[in-house]
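[1] My questions concern the predicted model and sequence given below.
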Amino acid sequence: MFKEDIEGFRVLLNELSFSKLEDSLMGKPFSEMEDILYRLAYNPETDESNLLVYTFLQQTLYKKETSIIHLSISRLMGFILNHIDKAESIGLFHGLRAAELDPDNLDIKEYLIYYNHIPEKLLNDDDAIKLALEVIKLRPESKVAHITLSKTNFSH
Amino acid sequence: MIKILNVGHGWGKVVANGAETEVRSIMSKVLQEGVEMPYGNVAMGSGSKIMTYNGEIVQVVTNQVGGKTVVSNAWVITDPAYKWQALKILSNIK
């Protein structure tokens, strides 16, 4: 990704030209678009954050609510902008909605278990174990699910 | 970094006053010398490393941002089940 490309996207984002930004990103594979947006949200070289990416993604949800956008917002808030107070709760909210919209997606279930591993334990043990059981039924090799299920040996 | 330093992340167990410089140094050490512990969904670019430090186990979580691996969280493991799993990995118990 060229620096000047990122700068162009950043200008559009900062001047709230969301339609133009969307047009510029359209046609790219989703993972590339997500990479660009995450890079705009957080610059690891300067440690700068930009919450406008959250607003931009929210705006795409207004047009069409999809699991993939909810998941993208969830990862944005849960992993990338999680230094902002309550961002992880927003991440969990969007992750749960992604799971509601795509209930058979095991990747999302594995991902959600993250919210039980963090010290804040935004996802309680019972819900994490329930998710782990759902995952392990169809993905018996899931290490994250196995680790989570070990909680049953420690509970009560 | 402010979030990582939260009291709930348990740094007081391994460094006096949870000083930021020391925490940064520990995190760097874990990334360089730590052992991988399964975390989140690998396909989404999540990973974590663990290491024993001052008698406790520190976990550092990374994710991909624009093709770069960045630290997204870190803590001293206090949950007994996760601590046991981390100990098993560190001791290489099957």
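    Alright, I've got the coordinates.
[2] pLDDT at the residue positioned nearest the centre of chain B, what is it?
    Per Cα atoms, centre = their mean, the C-alpha nearest to the average position across chain B is that of B:Gln59, at 1.5 Å. Each residue has a pLDDT score; the one for B:Gln59 is 95.
[3] quick check: domain ranges of chain A?
    A:1-102, A:104-156 (automatic domain parsing).
[4] Let me know the distance separating B:Gly12 from chain A.
    Distance, B:Gly12 to chain A, by Cβ to the nearest Cβ, to the nearest Å: 12 Å. C-beta coordinates here come from the backbone N, C-alpha and C atoms, glycine included.
[5] So what touches stretch A:77-95?
    Contact partners of stretch A:77-95, identified using Cβ atoms under 8 Å, 6 or more residues apart in numbering or on different chains, comprise A:38, A:41-42, A:49, A:51, A:54, A:70-71, A:73-76, A:108, A:111-112, A:114-115, A:118, A:120, A:122-123, B:1-4, B:46, B:61, B:63, B:65, B:70, B:72-73.
[6] how about the strands in the chain?
    The chain I'm using is chain A. Ranges of strands in chain A, per DSSP state E, are A:42-43, A:48-49.
[7] Actually, chain B is the one I wanted.
    Using DSSP E, strands in chain B cover B:35-36, B:47-53, B:56-65, B:68-76.
[8] what comes up buried for the third one?
    Neighbour-count burial for strand B:56-65 flags B:Ile57, B:Val58, B:Gln59, B:Val60, B:Val61, B:Thr62, B:Asn63, B:Gln64, B:Val65 (criterion: 16 or more other Cβ atoms under 10 Å in any protein chain shown).
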